[in-house]
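1. Just a sequence and a predicted model for now, questions to come.
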Amino acid sequence: MRLRRNKLMSLLLLTVLLLSACGNDDGLLDSPIKETGFVLGTVVNLSVYDEGKEAAVSGAFDLISDWEAVLSDEVATSEVSAINKNAGKEPVKVSEPVFNLVKEAIHYGELSNGGFDVTTGPLTNLWRIGYDDARKPSQAEIDDTLPIVDYTKIELDETNQTVYLPSENMELDLGGIAKGFIADEVVKYFDAEDVTTAIIDLGGNVYVKGNRPSGEEWTVGVQNPYLGRGQLLGRIRASDLSVVTSGIYERYLEVDGEQYHHILDPKTGYPYDNEIAGVTIVSETSVAGDALSTSVFSLGLDDGLALIETLEDVEAVFVTKDKRIVLSSGLTNQFEVLNENFETNES
């Protein structure tokens, strides 16, 4: 899970508006129990409105750290690191959650025709976008790396619960799906702790649990990709939903006046070049939102929208480079445009 050290890389792409809300008589607070920490290579904010749930908030941070120790390829003792160290050598037995997450990642690879690929780690290491030493690699370097980037080569053994990367120097990088998985684990943990009203924000992967203390839905703002932090192009009403954004404006490298964003095409080795500036996925689970935000970005506007329309309980907001907002059919009455410089397919 190669989560960038640029702490604010996508943190404020999504903003939950009206964090403080009027209380009521249901044991909910006017202002939340809130804790912020740097975990998973990003800033994590947890806000809980249920009274007396301080221990649940702290416990959720412990849970996030525990999962980071399992899933991050930057933790030497993690299960993912063990898989990578044994690439081209032998299969590695993993825990059931890790096995199932790898299997789910392969599913999204298939769904996106290979656009979502959890073996892009070697390409990411070449470009290093989001790090101080980012650079544009040579064509020769890219050509040498592409043969070991292919999620279809991952070998899963259901009986022995093993994962095997058959080529030396292949790498599994779950960064495009792990934050979503962990957010869903926090939701489950909060359910067990009787937390009914909360905002879970894992570096821009936002899940709003329940309704606001006033009883109304939460309002999640979508960042304008062309303006500064906190400048919104629209907002979504949501409850018990995940809202995840990917975009070319999150992290990029500029070389000779040309910008190269961080979402790399595993087939070419270069950043995707299509009409999309950003895409926001609204879904019942954060793991789906995390994986689909990259998947539909890779497919482009028409094919990405077509995919979303085939999926249950998933919607999307596409922002194009020519300042159009394209909504999937289920968001017609849930999204409010706040910037008159953007046109929508509702217009």
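-> That came in fine, so what should we check first? Since the structure is predicted, the reported quantities are computational estimates derived from the model, not experimental observations.
2. For stretch 292-302, list every residue counted as buried.
-> Neighbour counts over stretch 292-302 (16 or more other CB atoms under 10 Å) mark 292-301 as buried. Placement of C-beta: from N, CA and C, glycine included.
3. Help me confirm that Glu74 is found in a strand?
-> No. According to DSSP: H, G, I helix; E, B strand; the rest coil, Glu74 belongs to no strand; its state is coil.
4. tally of neighbours for it?
-> Residue neighbour count, defined by other CB atoms under 10 Å, stands at 15 for Glu74.
5. do you know how far it is from Leu40?
-> Distance from Glu74 to Leu40, counting by CB to CB, to the nearest Å: 10 Å.
6. State the number of residues packed around the closest residue to Tyr260 other than its chain neighbours.
-> Closest residue in space to Tyr260, ignoring its immediate chain neighbours: Leu253 at 4.7 Å, by CB to CB, 6 or more residues apart in numbering. For Leu253, the neighbour count with other CB under 10 Å is 18.
7. just checking, Leu253 touches Lys136?
-> Yes. Using CB atoms under 8 Å, Leu253 makes contact with Lys136 at a distance of 6.6 Å.
8. Which parts of the stretch 151-300 of the chain are helices?
-> Ranges of helices in the stretch 151-300 of the chain, per DSSP state H, counting those that start in this stretch, are 178-192, 286-299.
9. any chance of those helices in JSON lines, plus mean pLDDT and distance to Pro166?
-> Output for the helices of the stretch 151-300 of the chain, formatted as JSON lines (pLDDT from 0 to 100; distance: least, CB to CB, whole Å):
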{"stretch": "helix 178-192", "mean pLDDT": "98", "distance to Pro166": "22"}
{"stretch": "helix 286-299", "mean pLDDT": "96", "distance to Pro166": "23"}
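10. element containing Val70, please.
-> Val70 is part of helix 54-71, with elements assigned from DSSP states H and E.
11. now the closest residue to Thr320 other than its chain neighbours: how far from Ile142?
-> Nearest residue to Thr320, sequence neighbours excluded (CB to CB, 6+ apart): Glu275, at 4.9 Å. Separation of Glu275 from Ile142 (CB to CB) stands at 24 Å.
12. Tell me which of the two has more neighbours.
-> Neighbour totals were compared for Glu275 and Ile142, and Ile142 leads with 19 against 14 (other CB under 10 Å).
13. I'd like to know how far that one sits from Leu264.
-> 10 Å.
14. what do those two both touch?
-> Both Ile142 and Leu264 are in contact with 123, 270, where contact means CB atoms under 8 Å, 6 or more residues apart in numbering.
15. Can you point out the buried residues in stretch 178-198?
-> Applying 16+ other CB under 10 Å to stretch 178-198 flags 178-187, 189-190, 193, 195-198 as buried.
16. With stretch 326-342 instead?
-> For stretch 326-342, the neighbour count (16+ other CB under 10 Å) marks 326-328, 330-331, 334-335, 337, 342 as buried.
17. likewise stretch 135-148?
-> 136-137, 141-142, 145, 148.
18. isn't Gly300 right next to Asp265, touching?
-> No. If you go by CB under 8 Å, Gly300 and Asp265 don't touch, sitting 11.2 Å apart.
19. Looking at the buried residues of stretch 292-302, spot the one nearest Gln231.
-> Using CB to CB, Ser293 comes nearest to Gln231 of the buried residues of stretch 292-302, at 20.4 Å.
20. which residues does that closest one contact?
-> Going by CB under 8 Å, 6+ apart, Ser293 touches 244-246, 279-281.
21. Find the centremost residue of this structure, please.
-> Nearest to the geometric centre of the chain sits Asp290, at 3.4 Å (CA atoms, centre = their mean).
22. How about the contacts made by that residue?
-> 176-181, 183, 205, 244.
23. cool, and Asn84?
-> Shown in contact with Asn84 (CB under 8 Å, 6+ apart): 73, 121, 165, 170-172.
24. Which one (most neighbours) among these?
-> Using other CB under 10 Å as the neighbour criterion, Leu172 leads the contacts of Asn84 with 26 neighbours.
25. Wait, it touches Val163, no?
-> Yes. Here Leu172 lies in contact with Val163, judged by CB under 8 Å, at a distance of 7.3 Å.
26. Extract the C-alpha trace of stretch 114-130 and format it as PDB.
-> Provided in PDB are the C-alpha atoms of stretch 114-130 (Å, rounded to 0.1, in the frame of the first residue of the first chain):
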ATOM      1  CA  GLY A 114      -7.100  -4.000 -16.700                       C
ATOM      2  CA  GLY A 115      -7.300  -0.300 -16.000                       C
ATOM      3  CA  PHE A 116      -7.200  -1.000 -12.300                       C
ATOM      4  CA  ASP A 117      -4.100  -3.100 -11.700                       C
ATOM      5  CA  VAL A 118      -2.600  -3.800  -8.200                       C
ATOM      6  CA  THR A 119       0.700  -4.800  -9.800                       C
ATOM      7  CA  THR A 120       1.600  -1.200 -10.900                       C
ATOM      8  CA  GLY A 121       4.100  -0.800  -8.000                       C
ATOM      9  CA  PRO A 122       7.200  -1.000 -10.200                       C
ATOM     10  CA  LEU A 123       5.800   1.800 -12.500                       C
ATOM     11  CA  THR A 124       4.900   3.900  -9.500                       C
ATOM     12  CA  ASN A 125       8.500   3.500  -8.300                       C
ATOM     13  CA  LEU A 126       9.800   4.700 -11.600                       C
ATOM     14  CA  TRP A 127       7.700   7.900 -11.600                       C
ATOM     15  CA  ARG A 128       7.700   8.600  -7.800                       C
ATOM     16  CA  ILE A 129       4.900  11.100  -8.300                       C
ATOM     17  CA  GLY A 130       3.900  12.500  -4.900                       C
END
